[in-house]
Structure formats: C-alpha cells, structure tokens
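Asker: Here is a sequence together with a model predicted from it:
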Amino acid sequence: MPFEPYDPARIEAKWQARWAAERTNEPDLVRAEHPFYCLMMFPYPSAEGLHVGNVYAFTGADIQGRYQRVRGHQVFEPMGFDAFGIHSENFAMRINTHPMKLIPRNVDNFRRQLRMMGLMLDWSHEVLTPDPDYYKWTQWIFLQLHKHGLAYRKKAPVNWCPGCHTVISNEQVIGGMCERHPGTAVEKKNLEQWFFRITAYAQRLLDNLDWIDWSEVTKTAQRNWIGRSEGAEVDFKLEGRDDTLRVYTTRPDTLYGATYMVMAPEHPLVAELASPAQREAVRAYCEAACRLKDADRVDAAREKTGVPLGANAINPATGRPIPIWISDYVLIEYGTGAIMAVPAHDQRDFEFASRFGLPIIQVIRPDDGVAAGANTREAAGDGTDDAAGAGTNAAAGASSAAGGDSFSPGDGASPQGGGSTSVAATTSLTEAYVGEGRMIHSGPYDGMPSLECLKEITRDLEARGLAKGTVQYRLRDWCISRQRYWGPPIPMIHCAKCGVVPVPEEQLPVRLPEIEDFRPDTPGGKPLQRHKPFHETTCPACGGPAHRDTDVSDNFLDSAWYFLRYPSARDAARPWDPALTRKWLPVDMYVGGNEHAVLHLMYTRFLCMAFKDMGLIDFEEPFRKFRAHGLLIKEGAKMSKTHGNVVNPDDHVARYGADTLRMYLVFLGPYSEGGDFRDSGIVGIRRFLDRIHRLYADVLGGAPGGSAAEARDGGAVPPGDGDGRAPRRGPLEKPTAIKLHQTIKKVGEDIESFSYNTAIAALMELLTEMRSAPALDDFSLEAFVKLLAPFAPHEAEELWEMLGRGGCVFDGGWPAYDPALTLLDEVEIAVQVLGKLRGTVRVARDAAQDAVRAAAVADEGVARHLEEKTIVKVIYVPNRLVNFVVRP
RNA sequence: GCGAGAGUGGCGGAACUGGUAGACGCGCUGGAUUUAGGAUCCAGUGAUGGAGACAUCGUGGGGGUUCGAAUCCCCCCUCUCGCACCA
C-alpha cells in the first residue's frame, strides 16, 4: 500500500515540526485583513504540568480559532503564563526552591505539552507575567489608576488569611474561608492598604451586561456579585439629641413596622450613644464582635446576639420612640452600618425580635386571593377588618425582653416607650412576611398596595427632608496590596516629608529584588521590608531618605490586562501599540472557566472602562464574546490530587494521540456543561480516526484490500469494478451527497454554538455513509477533511497532503453547502392514530395532505386501527407526521 | 435561605419552534474473517409479554393543557454550581 496506516505519533510530530518551521500559526498582525483574536485563559504553570482541565479549555477555544481560520480569517491565538502570585510562591516554599529558578522549568514543560496538543498557538507573542518587561507595565497601570484617583490608600477592615500571611480580596473569600486554604478562616484586620475604585464603575459594569455577548451563567454571577439594590436612606432623630441616625432600607413601605434600630458594633456613634448603665455591656459586646472570625459571624444559622444601647430614636412615621440595639448581624461595610428593624417583614429582624422580646407589628397584609400558604396563620381572619380587629398588645412581648436573656437591660431600655399605644401587633406571625400586599397599621397609607406605598412614602419623607432615595451595591473596592514577595512591587514611595509619592514612570520597572529568604512568615516583617537595599530609597520629590512600598500587587492585576499586551508583546516602548490594538481588539472570542466570573472577568472589565476613560483605548468591553466551558469530572467525581483521579494528558497522548484526546474531550458532552471523562470511551474516537485514515488510504492509494473492503463482499453488493472494493474515485451518488451537505451545514452550526459533541457525531455518520458509498468525488474527500480539521488538526493536514493538495488545510477555505442538497427527496412520515404511532409511510417531500393521507390509510398497521372508527379530524404536519383523531 | 442550571437505556449523552424518544459513542450479544486476537468488518441491543407479526409501558414523582408533551403550566423530590445576616 502506498500509504502507511494511521500512526498518530509519527503524524503529530511531523506536523508540529512543520507548523513551527513554516510559522504557520503566526499571522502577520500588521497586514491581516480579516483579523480574529481567539483568546484562552493563560495558565499558571504548575510543577505538575498541564492539567487535563486546561487541555479541555484550550481545545475548546482552539476549535473556534481553527474553524475561523478555515473560514478565511487570520487568527491570532496567543499564549502566556501567569507565573506571578501566591500560588507559585507557596509551591516554591514547599519544595524550598526560589520561584525564579522554578518558573523556567515549569514553563518549559508547559510549552512542550501545549505544542503536543496541537494548539494553533502563536509563540512569537508569548507573555510571562514575572518578566520585568511585562510587570513594568503592570506597575505603569497602577500609576495611571493612581493618577486618575482610582487607586487610593485607606485603613479598613480587610481579610487577612493566616495561611497566606497576607491580605486577600473579597472575591477570594469564600464563606469566610480563604479560597486557597479551605480550612482556614479569614480574619479581619484593620490595615492600611491600596484599593482600586472598582465601585465607581458598578453601574456601568452592570449596565453593559445587558448587551455584551457572554454566557448567561457568567452574566448572572456578575449581576449577583455587583448586587445592586434600590432603597432609601432615612434619618431617624435621636431622642434627647440634635443629631440623627441614618439607615439604609430597601423597604421604606414598612416604616410603620420599624419597632427598633440596630447598629453594627463598629459604628462610630456606638460609644457615644451608649447610656452610662449600658456602656460596659456595649463595650464588651463590641470587643467580642471584633474578635469573631468572619466565618462565624457570617453564619446565618447562628443565633442572633445583641445588646441595647440604652438610647432611643424616633420613628419618623409614628413619632414614637424605639430602642437602639447593637448586633453583629448588621454589617458596617454595607449601607450606613445601621438599620431600622421591621421584624414583621424581615426574617433576620424577626428572629432577633423573637429572641429579645421586641414588638412585632405587621404593616402589610397579603392580598386577598394570595394563597393561604402565605406565612401568616391568620391570613384569612385578618381580612375581616383591619384596624381594630387584631387588637393584641405588643406590650406583653416587650416586657418579657427585660428579664429574659444574657444582658441586663439597665435603665431606659424599655422598648416601645411604655405600652400606652394601642397598636395592634400580630403575634400570630410565625415568620416574617416579606411579600407584597396591602398596608395596614400605617396611618394614612392603610389600604394602599405596598408597592405603591413604597414610592409614596419615600416621596413624602423626601419632601420632609428625612430621606433620600439611593442605590447601593454589594460590590466593594478591590484591595490589591499583598504582603508577599512573588509579585510586582507596588511602585510607590513613602516619604516622611512628602507623604506617598509615585515612582516616576521613567524609573519603571521597580525591580523585584532576588532575595534568598522570600518567605512571608519569617520574623522581621514582610520579605521586601526585610531587604534593606530595596526598602530604603530616596524620595523622587524631595530627594530625602524614603521607603519603598513593600507590598506587591494582587496576582489578578497581572492577568487583568494580558490580552492587551499579546499583540504588542515585543514592544519595549509602550504597553500596547495603538494601531495594533485598534486592529485586533476587543478580543473576538474568549473561552474559559466560569470560576473566574467575579474575579478575573470583573477586574478585566473594570480596567478596560478605566483605560477608555483615560483615553488609552477606544473600547470599554474587552471581549466581544465570552463563553464559559463546563467542568470536567472523572467518573462522576471531581478530579483532584486527593481523589487520585487526575488524568494526565501525556499518558493519553502517548497511548492514543493528541487528535484522539482532543476529540474525545469535547465529545464527552456539551462544552458549556463539561463532561465525564471515562477511560473506557476514548477508544471510540481512536477507532473513528483509524477508519478515516483507512478510507483515505484505500480510496487514494487505489489499492484494494484492507479489511473494510473484505467485509463488504460478505454481505452488501460490491461496487463491482474489478477488485476495488473500497469506494472508487468518481461522481457522488445522491444519498451520499445529501448526507455530505447536511453535515457541512450541521458541523458549522454546531461549532458556532459550541456543540462539539453533536458535530463529531455528525462526522461519524457521514463517515459511515462515505465508507459504504460506491464512489467518492474530490469535493467530498476535501470537504470531510476540512470539517475534521478544527477537531483533529494533525490528521487533517496529513489527509490533505495525501489528497495531494498543496499548502495548509487551514488555508483551504470552509466548504460551502448547497441548501437544495440538504433536503431529502423522499421523507418518512409518522402515522398516528389518536396520538399513538401506528406506522410510517414514505412519500415525496412536501407531498400534499391528500396523498399522504391516502398512503397512510393504505398502510396495513394503520388500517387496523381505523377499522370501525370515524375519523373526526386529521392533523398533518408536512414532512413530519399525520395524526388521525377517531371516534368509535 | 436566595439565584442559576440539570434529572432521558447498563454508561456518557442526542432530540429544531410541542410532532416517529434514545442520534453518536462506550459496553454487551450474535455472526464474518482470522493460527489467534483485547485487531477489523457486519448485524442486533429501553423494559415487559409473545414463537411471531404485534401489544402495553417508558424521559425524577404527582396533576394539568393539547389531536399529540422529554419539551408548555402547577405542586413535590433529588443533584450540581454560584451567592449567602448586603437590610
């Protein structure tokens, strides 16, 4: 045989060498006419090597890139390494090797593996975040943000991870634990840190989500993280004082039900408001609250705690005094750090009030017709009348507060100002009613729908100067200081005389010194602080002695702009070349994991908006399209070292070939959902590639034989031209042509919708059809190779060469399908009687109903079910089915 | 608790806008070829009953809408992911 059998080891090495030698994957960035920027999330180069999860992510992106390339785009698919950061540093500490020594070794291994996978990567634009040529610009970005007031320093309670020995951002805290140390609770420390003012862009970050073409899951995660809420800030007058206590609420409509106030223990007014009798209890409580770890404080299941301040505020709606408490369920960071508590309509307030016997006044009644499932026991009964009816008195509950629990109420803490009121309290509530309804016990607003009341009452309060409608966001500013070694030093200088002074741009980069002991836990301060030659410097403003900032910036800053650098990776004079940037950005397609939805992807968007506003770029959204891939699991379980079920790509490539591994990974399931990797299934893909190769070898080699051909004379009719039992080269028969054109259409559509699994299934069907065809023409042989190319690039190149075509299959153009040939001439139609399948008939496509009906009733199986029945109705769906509705 | 998504053969998964459920692959069964095969090829493979043609059942559970429901509506259960005392 003139062609050798399928041998991925040989074929893949051959084409990888040729792509490198001919710079096949390095588009001319300056001259490209149809640029397509295909981006994948660059990896952190771990010592373990490329994880199969990375391979999955990259393959899915590479398929997009290669598909666009065949379609005629110049595709730029760069790669780099996110080698700065705590992750690398911790590993270096563990094996006691300096990260500067470690990184090159790991990166080399990653490059080898990435080449091995046949990704269409342009290695001439690689970026490496710890390279001074790169982090010089990371520092430059810090300076730009600083210049524009978006980087600032503040003392604030920040998240300190004792495992990392550094501060981490809100986004890196998961349920009070460090994302890197799942067993380690994050502590709150009051430290002076650098922040980026991402909150200034909260609304824009939210608004743009309406139009950017991103995976919906990712957009939802971002919306939740930004957490916009509309409400009002309301001022409550303090009893016996001239000033007020300001709260934030989203439910001004429940104002009449506000029976007490709660301040966060950290609230600045706490010490001042505490009555002499309560001062000691309050101080003790605040101290305990500060010691509480975030993980404990955040636990919603924990019983509510608190102490009364011994002071009252005046409810502006009722004019009555209500007591002020402090409790750690109110957070100082959100809103104004104080709330009005409406126990009847807020579950947390309800729990607190129940525990401490505070009055609960219902002010919204579920609308009539709202199901009894609404959570009041008296939903029905209360409907009979509203005001006088539920005349239970709150005082009973209130008084029990005093003796009850672990605090001593002291003097004036008696709630609700002495029980003289006859306000109805609905003691029958078993939990807070948070829904809408009609107002009750709300003076002039009684009877009004609560939604209307919300607007009305806000307006009225605004008119009286007591409130202001406001918008709040959950999003906090981005803390970027890290008390570690392995990152870009923050380019700031602290001078006793001049204060905090930026390093002049021409002095960048501020080089990270190579120091022996880089561990963060060595006594004597942070690594950079201990290193005198770095720490001690002169002030750029006054020339006097000064100190460098000894923190490094967050790893997420490195990765928040790398895609801007790629096209200009070799530009020493500026972070990005304006012309190249205009041509290639925003990124056309970005593919990556959704675990970065609120970290990397949010920071990146923020930086882009800031750059746009500074006039540095002319777009504000970095990625035209973003698609999140799903999670790859192994036999139903998460892949992890502890499970010992990590799939090593090297093994599978050695055994089956890179093309097989690539295809198998995306064949496992829908790309956006991930897949379950089972070793047992991969042979199916390998067989598929074997069969493809054999078919082409047989057809093009002209040599008969091969087992495919041998089997055919066992059963089916042999094509008959001499000994050639494989398809010969010749005109395509119509059924094969139809299958071919249907597949061309389907594969293109499926790739665009990331349905790689069904695209591959379609290719398998087409192969079966082609193998049994008597003859195959050049168009079909070429088209199949092109359809295969995005998935199995090495084999596609090999087949292209076997076909005798010059050049590269990726420059060959995507085959066009003939719409007329995607439709069958004859279709099979389902025949139902009363919705049950009773037979099928073959008729011409688009046949008229009468003809189909005639054919259907002629069918024996159908006729049996129509006997002695009257046909009352016939439903006909052209080319699909006919359904007889009958009566006995 | 809130938000998003998902429950389909022995397994991974298909199914356009409500129109023949189970494409494709793994596995399994039978056959061909073979010295042999864990190679290759062909055929079969949801369950139950039946020799059979066929029939009945069948997409997490229960109701409903419809000539017709995996798909739409209501209730419930389970799983995954995200957020989680954000007022």
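Answerer: That came in fine, so what should we check first? Because the structure is predicted, anything quoted here is derived from the model rather than measured.
Asker: ok, which stretches of the stretch 751-888 of chain A are strands?
Answerer: Remark: strands assigned in the stretch 751-888 of chain A by DSSP state E, counting those that start in this stretch are A:775-776, A:826-833, A:836-844, A:870-877, A:881-887.
Asker: which residues sit in contact with the residue in the stretch 401-550 of chain A that RNA strand B sits nearest to?
Answerer: With CB to the nearest atom of the strand as the measure, residue A:474 is the residue of the stretch 401-550 of chain A nearest to RNA strand B, at 3.9 Å. To be clear about C-beta, it is placed using only N, CA and C from the backbone, and glycine gets the same treatment. Residue A:474 sits next to A:225-229, A:334 when contact means CB atoms under 8 Å, 6 or more residues apart in numbering.
Asker: quick one, phi psi at residue A:623?
Answerer: Main-chain dihedrals, residue A:623, degrees, to the nearest 10: phi -130, psi 120.
Asker: related to what we said a few turns ago, could the contacts of residue A:474 go into a markdown table alongside secondary structure?
Answerer: Shown next, in a markdown table, are these (DSSP: H, G, I helix; E, B strand; the rest coil):
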| residue | secondary structure |
| --- | --- |
| A:225 | helix |
| A:226 | helix |
| A:227 | coil |
| A:228 | coil |
| A:229 | strand |
| A:334 | coil |
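Asker: so is the residue of the stretch 401-550 of chain A closest to RNA strand B in a helix, a strand, or just coil?
Answerer: coil.
Asker: Residue A:830 touches residue A:840, doesn't it?
Answerer: Yes - assessed by CB atoms under 8 Å, residue A:830 is found in contact with residue A:840 at 5.7 Å.
Asker: list the contacts for residue A:443?
Answerer: A:256, A:317-318.
Asker: Just the buried residues of the residues you listed.
Answerer: The neighbour-count criterion (16 or more other CB atoms under 10 Å) marks A:256, A:317-318 among those as buried.
Asker: Return the subset of these lying in helices.
Answerer: Counting by DSSP state H, no part of the buried ones among the contacts of residue A:443 is found in helices.
Asker: quick check, nearest of the residues you listed to residue A:789?
Answerer: Closest approach between these and residue A:789, by CB to CB: residue A:256, at 69.6 Å.
Asker: Tabulate the contacts of residue A:443 (JSON lines), appending pLDDT and distance to RNA strand B.
Answerer: Listed next are these as JSON lines, based on pLDDT from 0 to 100; distance: CB to the nearest atom of the strand, whole Å:
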{"residue": "A:256", "pLDDT": "94", "distance to RNA strand B": "15"}
{"residue": "A:317", "pLDDT": "91", "distance to RNA strand B": "15"}
{"residue": "A:318", "pLDDT": "92", "distance to RNA strand B": "18"}
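Asker: would you turn the contacts of residue A:474 into CSV with pLDDT?
Answerer: Conversion of these to CSV gives the following (pLDDT from 0 to 100):
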residue, pLDDT
A:225, 91
A:226, 93
A:227, 91
A:228, 92
A:229, 91
A:334, 90
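Asker: avg pLDDT for the helix or strand where residue A:661 lies?
Answerer: For residue A:661, the host element (DSSP states H and E) is helix A:658-667. Helix A:658-667 shows a mean pLDDT of 96.
Asker: Using CSV, write down the CA coordinates of that helix.
Answerer: Only the C-alpha atoms of helix A:658-667 are listed here, as CSV (Å, rounded to 0.1, in the frame of the first residue of the first chain):
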residue,chain,number,x,y,z
ALA,A,658,-3.3,14.2,20.6
ASP,A,659,-6.0,14.3,18.0
THR,A,660,-7.9,11.5,19.7
LEU,A,661,-7.6,13.1,23.1
ARG,A,662,-8.7,16.5,21.8
MET,A,663,-11.8,15.0,20.1
TYR,A,664,-12.6,12.7,23.0
LEU,A,665,-12.6,15.6,25.5
VAL,A,666,-15.1,17.6,23.5
PHE,A,667,-17.2,14.5,22.6
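Asker: wait, does the helix or strand following that helix contact RNA strand B?
Answerer: Heading C-terminal from helix A:658-667, the first helix or strand you meet, by DSSP H and E, is strand A:674-677. Yes - Strand A:674-677 lies within reach of RNA strand B by CB under 7 Å from any atom of the strand, at A:675-676.
Asker: Of the contacts of residue A:474, which fall within the contact range of RNA strand B?
Answerer: Counting by CB under 7 Å from any atom of the strand, A:225, A:227, A:229, A:334 from the contacts of residue A:474 sit close to RNA strand B.
Asker: Show the buried residues in those.
Answerer: Among these, the ones that count as buried by 16+ other CB under 10 Å are A:225, A:334.
Asker: tell me which of the ones next to RNA strand B among the contacts of residue A:474 is nearest to residue A:176?
Answerer: Distances from residue A:176 to these, taken by CB to CB, are shortest for residue A:334, at 15.8 Å.
Asker: Test my guess that the closest one contacts residue A:267.
Answerer: No - at 11.9 Å, residue A:334 and residue A:267 do not qualify as touching, with contact defined as CB under 8 Å.
Asker: Spatially nearest residue to residue A:873 (excluding sequence neighbours)?
Answerer: residue A:885 (4.0 Å; CB to CB, 6 or more residues apart in numbering).
Asker: Tell me which helix or strand residue A:191 sits in.
Answerer: strand A:187-196.
Asker: these two touch, right, residue A:177 and residue A:187?
Answerer: No - look at residue A:177 against residue A:187 with CB under 8 Å: they stay out of range, at 11.2 Å.
Asker: Okay, now the unreliable bits of chain A?
Answerer: Applying pLDDT under 70 to chain A picks out residues A:1-2, A:293-295, A:298, A:300, A:368-428, A:702-725.
Asker: Tell me how it divides into domains.
Answerer: Domain segmentation of chain A under automatic domain parsing yields A:31-148+A:199-222+A:482-488+A:552-629, A:151-196, A:229-472, A:684-821, A:824-887.
Asker: quick one, strands of the stretch 101-250 of chain A?
Answerer: With DSSP E, counting those that start in this stretch as the criterion, the stretch 101-250 of chain A has strands at A:122-128, A:151-161, A:166-168, A:173-174, A:177-178, A:187-196, A:213-214, A:229-238, A:244-249.
Asker: Check what contacts the second one and list those residues.
Answerer: This points to strand A:151-161. Applying CB under 8 Å, 6+ apart, the external contacts of strand A:151-161 come out as A:142, A:145-146, A:166-170, A:172-173, A:178, A:180-181, A:184, A:186-197, A:266, A:294, A:332-333, A:479-480, A:500.
Asker: filter those down to the ones near RNA strand B?
Answerer: Among the contacts of strand A:151-161, the ones lying near RNA strand B by CB under 7 Å from any atom of the strand are residue A:333.
Asker: Please report the distance of residue A:697 from residue A:690.
Answerer: 10 Å (CB to CB, to the nearest Å).
Asker: The residue in the stretch 551-700 of chain A that RNA strand B sits nearest to in helix, strand or coil?
Answerer: Closest residue of the stretch 551-700 of chain A to RNA strand B, CB to the nearest atom of the strand: residue A:684 (2.5 Å). Of the three states, residue A:684 takes helix under three-state DSSP.
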